[in-house]
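*Asks:* Got a sequence here, can you model it:
(chains A and B)
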2 protein chains.
Amino acid sequence: MSDNIILSLAQARELSKSILMDNRFSEDHAKSITDVILACQQDDCHSHGLFRLLMCTQSMKFGRINGSANPTIVDAAPSVVKADANGGISLLAMDAALPLLIEKTKKNGIAALAINRCFHFSALWPEVEKLSAAGLAGLAMVPSHAWVAPAGGSRGTLGTNPLAFSWPRQGQHPFTFDFATSQFARGEIELYRRAGKPLPEGVAIDKEGQPTTDAEAAMGGAMLTFGGYKGSALSIMIELLAGPLIDDLTSKESMEAANGQPEAPYHGEIIIAFDPNLLSGGRAAANNDRAERLFADIIDQGARLPSQRRYQARERNLARDAVEIPQTLYNDLLALRK
Amino acid sequence: MSDNIILSLAQARELSKSILMDNRFSEDHAKSITDVILACQQDDCHSHGLFRLLMCTQSMKFGRINGSANPTIVDAAPSVVKADANGGISLLAMDAALPLLIEKTKKNGIAALAINRCFHFSALWPEVEKLSAAGLAGLAMVPSHAWVAPAGGSRGTLGTNPLAFSWPRQGQHPFTFDFATSQFARGEIELYRRAGKPLPEGVAIDKEGQPTTDAEAAMGGAMLTFGGYKGSALSIMIELLAGPLIDDLTSKESMEAANGQPEAPYHGEIIIAFDPNLLSGGRAAANNDRAERLFADIIDQGARLPSQRRYQARERNLARDAVEIPQTLYNDLLALRK
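*Replies:* Numbers count the residues shown, from 1 in each chain, chains lettered A, B, ... in the order given. Predicted coordinates:
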């Protein structure tokens, strides 16, 4: 693809930080956001890489994001950290709370971080991979906006409600997945709409609650969860654990709060961390071998572990010290400099 | 159905306890097992009700279950209870560990119970409903036997790996679900096989790893997970959290340990409990209202919350003080008395 531009990792980082700081994000926020955007870009997760800067700066225009909010970290209970983002993007709150979450998990065996009152736009896998890098297993969940109908329903009530998990592996990339509980991502429906292509069956309903393969009708109706009633139940669980459990909004409340503006959803996030040493009674090494036999048995039959394509991209891009983005995106990003 | 027999709840309880104690289960085990079997039977969960006594007693015949094992409860870390079932059925260990799990959760905000070295045959919803009855939210996961292929795979590696969740509701039955991460339950495939009916597409593969709708070929091959690669990722997570994380067997190791005998799987179980009060910063009541608005929005559009049929059966059967089982099953059960 000749219409791409290649940036060194340092150039990409500098570009991201400058754009954010030119658009009313503090240096601390710009750093936390850039860390995650770069992690995605170097894994060739283009939808959550530098492209997301367009959404961050657009969200900022609507005036509700506080670009210089300092998160408040509260030691809420022996195994609970609460991080109030105070209306900023979630990522600085995550970074600020992470050391205490890790400390509590290693002391108590399991601990939870509740991030509250944050705007959220990012992939979850960089967060759970921070836990596996610390030798812990981690789970993360967030609501979003009420674009998804429950099984048997006729309108949007649930968010795309992603679930991410990471498991540490010795000397190897962790076992990580991060998937939306909606059948399709919101952006995928939009791509079908732009291309004028019919959606597969089972992905969406129209505004009367009837099944549709028309992407335009789907955008005005609702998406469906993956896996029928089971995926729907899982999505409701995520609404509860990342919403009412931690004193924060459901996807429907978040959507109402946005009042029709195209800004990042505003809600909470729950992260649960597990210490393999305390939970195994000090037998983490033997159980690491057991997990490796499970992975080997999966790979040996020709199946892939999740995230492998991402890890291959990471190795390739780190080795060549480069990320590659479309020239058109690069031009759009330069236009955000001030 | 005229070929059914009606038992009072007391009669059903007495029948279950007697059968278990006649078949080398101690009174403590007989009580814990009967509690769960009765809970299922009174909810008309026939597959996990009195019918399961056939499996319990059959498992006992192979000599590996210790019917009088006293569980060892260890306060393993501030937020971790470990319950070694010492080769007994899981349920007495669960009952013995539950008070400490609840105490730790209410003190620390989140806690985990790892049950180890147990034989397991039961539905998980009675266990998470014990947590919601104590005002906590709860998650439970177990492996089983390696009957299920990972997405893109060709042979059984994963268990049917159920996930159960319960959320407490004021003055109402809790929000509860309990589903296998396999597309079908093992028993459903067996019912298709007996009836000579073809399976739906996407449920199973044959022993060459090819898609099949032949139930006989499926029994010799492997089942598939629900929801494609997402359901497969979730199932692998359950293997890890309920296996290596807590120093216990994977589904494949459990199956190998059974050595071809038709006994209950032998492995571990993880239960995670959440305190809505500590995780919400003391705002559980306001957030309970928020969760109720979510449920109301789901019901209002004609969708059902999970477990509703079960709760209706419970109310009906408790009101008439009766459970109803086939006469043939009753005869089979009487034959287990000694």
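*Asks:* isn't A:A39 right up against A:P126?
*Replies:* Yes - counting by CB atoms under 8 Å, A:A39 touches A:P126, with 4.5 Å between them. C-betas here are computed from N, CA, C, even on glycine.
*Asks:* Neighbour count for those two, which is higher?
*Replies:* Taking other CB atoms under 10 Å in any protein chain shown, A:A39 and A:P126 do not tie; A:P126 has more neighbours (24 against 21).
*Asks:* Surely that one and A:L38 touch.
*Replies:* No - under the criterion of CB under 8 Å, A:P126 makes no contact with A:L38, lying 9.4 Å away.
*Asks:* Could you pull out the helices in the stretch 51-200 of chain A for me?
*Replies:* Applying DSSP state H, counting those that start in this stretch to the stretch 51-200 of chain A gives helices spanning A:52-61, A:90-108, A:125-133, A:186-195.
*Asks:* Out of these, the one nearest chain B is which?
*Replies:* Using CB to the nearest CB as the measure, helix A:90-108 is the one of the helices of the stretch 51-200 of chain A that comes nearest chain B, at 4.0 Å.
*Asks:* average pLDDT for that closest one?
*Replies:* For helix A:90-108, the mean per-residue pLDDT is 98.
*Asks:* and that helix with helix B:90-108, angle?
*Replies:* 120 degrees (axes from the mean of the first three to the mean of the last three CA atoms, to 10 degrees).
*Asks:* Packing partners of helix A:90-108?
*Replies:* helix A:27-42, strand A:72-77, strand A:80-84, strand A:110-119, helix A:125-133, strand A:266-274, helix A:276-279 (3 or more CB pairs under 8 Å, 6 or more residues apart in numbering or on different chains; DSSP states H and E).
*Asks:* any chance of those in CSV, plus distance to chain B?
*Replies:* Shown next, in CSV, are the helices and strands packed on helix A:90-108 (distance: least, CB to the nearest CB, whole Å):
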stretch, distance to chain B
helix A:27-42, 19
strand A:72-77, 4
strand A:80-84, 4
strand A:110-119, 5
helix A:125-133, 11
strand A:266-274, 6
helix A:276-279, 4
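*Asks:* if we can go back for a sec, make CSV from the helices of the stretch 51-200 of chain A and add distance to B:F175 to it.
*Replies:* Output for the helices of the stretch 51-200 of chain A, formatted as CSV (distance: least, CB to CB, whole Å):
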stretch, distance to B:F175
helix A:52-61, 32
helix A:90-108, 26
helix A:125-133, 25
helix A:186-195, 26
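*Asks:* closest to B:F184 out of those?
*Replies:* Closest approach to B:F184 among those is made by helix A:186-195 (28.1 Å; CB to CB).
*Asks:* and the helix or strand following the closest one, what does it pack onto?
*Replies:* Counting by DSSP states H and E, the next helix or strand C-terminal to helix A:186-195 is strand A:204-205. Packing partners of strand A:204-205 (3+ CB pairs under 8 Å, 6+ apart): strand A:211-212, helix A:215-220, strand A:222-224.
*Asks:* what's the closest of these to chain B?
*Replies:* Here strand A:222-224 is closest among the helices and strands packed on strand A:204-205 (CB to the nearest CB), at 9.7 Å.
*Asks:* and the closest one, what does it pack onto?
*Replies:* Packed next to strand A:222-224, using 3+ CB pairs under 8 Å, 6+ apart, are strand A:148-149, strand A:204-205.
*Asks:* Which of those has the highest mean neighbour count?
*Replies:* strand A:148-149 (a mean of 28; mean count of other CB atoms under 10 Å in any protein chain shown).
*Asks:* How about that one and chain B, any contact?
*Replies:* Yes - contact between strand A:148-149 and chain B, assessed by CB under 8 Å from any CB of the partner chain, occurs at A:A149.
*Asks:* Need the residues that contact that strand.
*Replies:* Taking contacts as CB atoms under 8 Å, 6 or more residues apart in numbering or on different chains, the residues outside strand A:148-149 that touch it are A:155-161, A:181-182, A:205, A:209, A:222-225, A:235, A:251, B:301, B:303.
*Asks:* Show the pLDDT at A:K338.
*Replies:* At A:K338, pLDDT is 87.
*Asks:* hang on, it in a helix?
*Replies:* No - secondary structure assignment (DSSP: H, G, I helix; E, B strand; the rest coil) places A:K338 in coil, not in a helix.
*Asks:* Report the spatially closest residue to it, excluding sequence-adjacent ones.
*Replies:* Excluding the flanking residues, the one nearest A:K338 by CB to CB, 6 or more residues apart in numbering or on different chains is A:D22, at 4.2 Å.
*Asks:* Quick check: that neighbour touching A:L334?
*Replies:* No - A:D22 lies out of contact with A:L334 (CB under 8 Å); the separation is 10.9 Å.
*Asks:* And these two? Which one has more around it.
*Replies:* Per other CB under 10 Å, whichever of A:D22 and A:L334 has more neighbours is A:D22, with 13 against 10.
*Asks:* In terms of pLDDT, where does that one sit?
*Replies:* pLDDT at A:D22 comes out at 97.
*Asks:* so who does it touch?
*Replies:* A:D22 neighbours (CB under 8 Å, 6+ apart): A:L336, A:R337, A:K338.
*Asks:* Now the first one: closest residue in space that isn't a chain neighbour?
*Replies:* By that I understand A:L336. A:I19 (4.7 Å).
*Asks:* ok, that neighbour touching A:L53?
*Replies:* Yes - using CB under 8 Å, A:I19 is in contact with A:L53, at 5.3 Å.
*Asks:* distance between the ends of stretch A:217-234?
*Replies:* 26 Å (CA to CA, to the nearest Å).
*Asks:* repeat for stretch A:170-188
*Replies:* Start-to-end, stretch A:170-188 (CA to CA) is 35 Å.
*Asks:* beta partners of A:A140?
*Replies:* Note on A:A140: beta-bridge partners A:A164, A:I271, judged by DSSP bridges.
*Asks:* Export the helices and strands packed on strand A:222-224 to a markdown table and append columns for mean pLDDT.
*Replies:* Shown next, in a markdown table, are those (pLDDT from 0 to 100):
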| stretch | mean pLDDT |
| --- | --- |
| strand A:148-149 | 98 |
| strand A:204-205 | 97 |
